[in-house]
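[1] here is my input; please provide its structure:
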Amino acid sequence: MLRLVSTAWKEPYKNSGDILESVLRDYVNEDVLGQHYARYASITQSSGTGKSRMVDELAKKIFCIPIALGSNQAYPPPDNLAVSWFGGDNTDMRAERAQFFMCALFETALQRAKDIAPDPGLSLASIFRQSMSDGMEYGQHGQYRQQFYSDVCVRAAELLSSAKHSKEPRQPSPTPVMTVVDDHGTHINLVTAAEALVAYISTTRKKSFASNSGLDVILYFDEAQHLTKSSAGSSGPTFFIHVRSALRLVRKLPIFALFLSTTGKLEQFSAPAQLDASDRMLRLQLLPFKPIVWTPLDIMAQRITKNKVWTLREVASTYHIVHLGRPLFPAMYDAARAEGYPDSLKLIIRFAARKIVLADLHSSNTRMTYPQSLACVAVRIPVEFHPAPLGAQDDDNVERDLVANHMRLLLYAGVGFSPIITTSSSEPLLAEAAASLMISRRWSYGEASDALRHRELNPLMAITHYLGKSTLSLGERGEFATALLLLYARDCATTSVVKTSTLPGSSSPSDDGETSKLPGSSSPLDDGQDDKSDGAIQRRIVTVRQFLEALLGTDTFATVADSPPSVYRTLEAAKVPLHKAFEEAHIYFSHFVKVQSRDVITQAYLLLAISRGAAIICTDGQVGIDIIVPVLIGTRLEKEKVTAILVQSKNSRRYGADINNLIFTWMDPYNCGVFDGDVAEPLPVLRMVFALASPDAAVASPDIPVRRSLRQDTTAQYTAYDIWCAGASHKTFAVIQEDEDQDMGQLLKLIRGSSDVLERMRLIGPVRRAVRQMQPLVSTDKAHTELFVD
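    A predicted model of the protein is given here:
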């Protein structure tokens, strides 16, 4: 698998370095007053997002010197001599070693630049980049780069052996310039070497290849966490601190350094001021640059185009989902296919799952830790976090851990990584990988696994653990619990036993008007074997009936399956029972996306959600609905064939087993935006209310009055079927096991009291009462009022 990474690296890059170049240009422009300590920044993002390739692409335009400091398992492979130079055993003269290494680096780069023969079609930067990349394979670099760092380290050792401190005054820089005087009396140091390299590059750069970043040279430290290591018994500054000090000496030159790491603490290259080793940084006299976190997704995606009608089996196919999201997985998958790896799908799913949980758990019965369980769930259901200060306990830093180790994305990071904004974006492959871990521990042939097995991954307990420590923010309506129940139903339905000739989403007569066979196939069984159309074969698509039977149980669903619509558009629609109305309806989702705008709740947007296997958690304040599960009638992705299951989540004790029809009235698909005002013949919708805090269990549809007059041929602009689900136990939802009732109840209680310090801190006895007495009127407990009212 690791060798595929090297093959994937050589695939054509589908993005550009423009984003990075733009950021660096802005950083250079904002540093005109010299308020930054030095020209350096970290590139920080979770694994597989294309950080290294982004810099490599920019190296075609700006002269970039890469320094790889990772392990032998990393790619690009390590520059072993550089790794040794900055090794943990080299504790003496660290400042000198840092400066003379960089001095030798600039000298050697200058010599190589002068050796490059001019090429009218290529820039100097691009030729040097190609030379440093030639011959690179898994585990080692090519001869050119090996010799480059051999020369660098030999020269650095020579300078170190005859080092003398500069006798020049140390001001204005507290960092002394380490200088060597050669036999001709020439002063050699980091500054003179950097100036010489910049002067040469600036005079030889072709205008047609010029970068607009204002930079001539970029130093790129890959897997730079190696620089932050402290050797045993050493309490002095790390090599990173000395490299940073060296960069300050050349801060006025058009040189910028980038530090990339995929492991360790996020803030290791951009510590908050109060933790910084520099006194001037500590006093906020100087600042670091903000971390660079912007790495677009979907750069290798199959585009959804208007000139093609897609089918469910295509958008749910292995090929399609692999190519959505971060670029590592499609690059590796394409490499595996090109090299003829057997079972490329299984290979990439297991690799993605290992990335999520930081372990290979597919063939293991190991119980997942809380961080692993949370990581699986957070890939599929968006969760948000309260801010946590740096230096807090591990459980309070869970958000940072999810980014560093479990594939969560950074959207923004301030100086010192305070604040940070993170998210779990729509990445279908990661969702599929997380689902594979969850399904294997919970469902088999449409039935629940035994208690010991499903306890190996217990999202309820993991979420409760972190929610109790106030790091997670799940809202108060219970939409997280509702989303989890819907995911359970989807997962269970994908394992149910069905005839292979009638796999959901494989084909339907309505697709082509003549036959259930697809072009080129002799039977439905021949369809969908290719990885570009295997969505049905891989059991990623379910029918609405299968979904509801999994959610509610077969017997319970039977009690509502024959229910007529609560409101209807025509008399003919009024006669159609629920199960018949959704007979050809399909569902394909593996994860949720929380949207940020009410305007996206449209048929056109839901069609796009279907194309990447996503259901929707509505923005806060959305009228009438909390969750939307897109539904497709037939298997062709056409806007007119899109409808939805609209879900309202209630976690208030005010809602019990008695149906509140007013809530259904507010779930109007036109008012919610699902149907545009000009849609004259909308498809039927299914509306569901989850009254999770109800003490009584019930599943029912509203009683429909007998229609005594045929003159009343409509009751609404649309047709809707309604189901009221009361309670949050196995008695209501078949996807909850009896031994999980208490866990679900505890989670919902914590969510209801998420703003209550008593619930978060779990205080007891007189302390609980005192805390309530400190908050008059905020709740109904007597202690909130007993000191001022009888």
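
[2] next one: stretch 330-343 to chain centre, how far?
    23 Å (C-alpha atoms, centre = their mean, to the nearest Å).

[3] alpha carbons only: can I get whatever helix or strand R337 lives in in PDB?
    With secondary structure defined by DSSP states H and E, R337 is part of helix 328-338. Below are the C-alpha coordinates for helix 328-338, written out as PDB (Å, rounded to 0.1, in the frame of the first residue of the first chain):
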ATOM      1  CA  LEU A 328      -4.600  11.200  -1.700                       C
ATOM      2  CA  PHE A 329      -7.200   8.500  -2.100                       C
ATOM      3  CA  PRO A 330      -8.100   8.900  -5.800                       C
ATOM      4  CA  ALA A 331      -4.400   9.200  -6.600                       C
ATOM      5  CA  MET A 332      -3.700   6.000  -4.800                       C
ATOM      6  CA  TYR A 333      -6.800   4.200  -6.200                       C
ATOM      7  CA  ASP A 334      -5.900   5.200  -9.800                       C
ATOM      8  CA  ALA A 335      -2.400   4.000  -9.200                       C
ATOM      9  CA  ALA A 336      -3.700   0.600  -7.800                       C
ATOM     10  CA  ARG A 337      -5.900   0.200 -10.800                       C
ATOM     11  CA  ALA A 338      -3.100   1.000 -13.200                       C
END
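
[4] now it: average pLDDT?
    For helix 328-338, the mean per-residue pLDDT is 89.

[5] contacting residues around that helix?
    Contacts to helix 328-338, defined as C-beta atoms under 8 Å, 6 or more residues apart in numbering, come from residues 1, 4-5, 7-9, 11, 47-50, 300, 319, 322-323, 344, 347-348, 351-352, 429, 531. C-beta: built from backbone N, CA, C; applies to glycine.

[6] the bottom helix or strand of this protein by mean pLDDT?
    helix 509-512 (a mean of 42; mean pLDDT, DSSP states H and E).

[7] could you point out which element follows that helix?
    Next along from helix 509-512, by DSSP H and E: strand 542-543.

[8] could you point out which element follows that next one?
    Criterion used, DSSP H and E; the element after strand 542-543 is helix 544-552.

[9] tell me the buried residues in that following helix?
    544-552 (16 or more other C-beta atoms under 10 Å).

[10] again with stretch 215-230
    Quick answer for stretch 215-230 (16+ other C-beta under 10 Å): 215-228.

[11] which of those sits closest to L105?
    L219 (7.7 Å; C-beta to C-beta).

[12] correct me if wrong: the closest one contacts F63.
    No. Look at L219 against F63 with C-beta atoms under 8 Å: they stay out of range, at 10.1 Å.

[13] so what does the helix or strand containing A404 touch, helix or strand wise?
    Using DSSP H and E, A404 falls within helix 398-405. Judged by 3 or more C-beta pairs under 8 Å, 6 or more residues apart in numbering; DSSP states H and E, the packing partners of helix 398-405 are helix 370-380, strand 420-423.

[14] which parts of the stretch 601-750 of the chain are strands?
    With DSSP state E, counting those that start in this stretch as the criterion, the stretch 601-750 of the chain has strands at 614-617, 627-633, 642-650, 685-691, 698-700, 720-726.

[15] mind putting the ones you listed into TSV with mean neighbour count and mean pLDDT?
    What follows is the strands of the stretch 601-750 of the chain, written out as TSV (neighbours: other C-beta atoms under 10 Å; pLDDT from 0 to 100):
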stretch	mean neighbour count	mean pLDDT
strand 614-617	25	95
strand 627-633	25	97
strand 642-650	25	97
strand 685-691	26	98
strand 698-700	19	97
strand 720-726	25	98
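
[16] any chance of these in CSV with distance to S161 as columns?
    Below are the strands of the stretch 601-750 of the chain laid out as CSV (distance: least, C-beta to C-beta, whole Å):
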stretch, distance to S161
strand 614-617, 61
strand 627-633, 68
strand 642-650, 70
strand 685-691, 74
strand 698-700, 82
strand 720-726, 78
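
[17] who touches I663 in this structure?
    So I663 contacts 648, 650, 655, 689 (C-beta under 8 Å, 6+ apart).

[18] out of the residues you listed, which two sit at the greatest distance?
    Between all members of these, the farthest pair (by C-beta to C-beta) comes out as Q648 and Y655, at 9.5 Å.

[19] mind listing the shared neighbours of those two?
    663, 689.

[20] how far does the longest helix along the chain sit from the chain's center?
    Using DSSP state H, we find that the single longest helix of the chain is helix 94-115. With C-alpha atoms, centre = their mean as the basis, helix 94-115 stands 38 Å off its chain's centre.

[21] buried stuff in that helix?
    94-110, 112-113.

[22] buried residues in the strand or helix carrying Y149?
    Assessed by DSSP H and E, Y149 sits inside helix 143-161. By neighbour count on 16+ other C-beta under 10 Å, the buried set for helix 143-161 is 144-145, 148-149, 151-153, 155-156, 159-160.

[23] tilt between that helix and helix 94-115?
    140 degrees (axes from the mean of the first three to the mean of the last three C-alpha atoms, to 10 degrees).

[24] make sure I have this right: D26 is in a helix.
    Yes. The assignment for D26 by DSSP: H, G, I helix; E, B strand; the rest coil puts it in a helix.

[25] returning to that earlier point: out of the contacts of helix 328-338, which are inside helices?
    4-5, 7-9, 319, 322, 344, 347-348, 351-352, 429.

[26] sorry, back to before: least reliable of the helices and strands packed on helix 398-405 by average pLDDT, please.
    When I compare the helices and strands packed on helix 398-405, strand 420-423 is least confident, with a mean of 86.

[27] direction included, what does that strand pair against?
    If you go by DSSP bridges, strand 420-423 pairs up with strand 409-413 (antiparallel).

[28] got a pLDDT number for the nearest residue to G535 once chain neighbours are set aside?
    Closest residue in space to G535, ignoring its immediate chain neighbours: A316 at 2.7 Å, by C-beta to C-beta, 6 or more residues apart in numbering. Looking at A316, its pLDDT is 96.

[29] you'd agree A316 is up against I537?
    No. A316 sits out of contact with I537 when judged by C-beta under 8 Å, with a separation of 9.8 Å.

[30] looking at those two now, which is surrounded by more residues?
    A316 (31 against 22; other C-beta atoms under 10 Å).

[31] what sits against the more buried one?
    Contacts of A316 (C-beta under 8 Å, 6+ apart): 505, 535-536, 538, 540-541, 588, 613.

[32] for the residues you listed, which one is nearest P254?
    For the contacts of A316, the nearest to P254 is G613 (45.9 Å; C-beta to C-beta).
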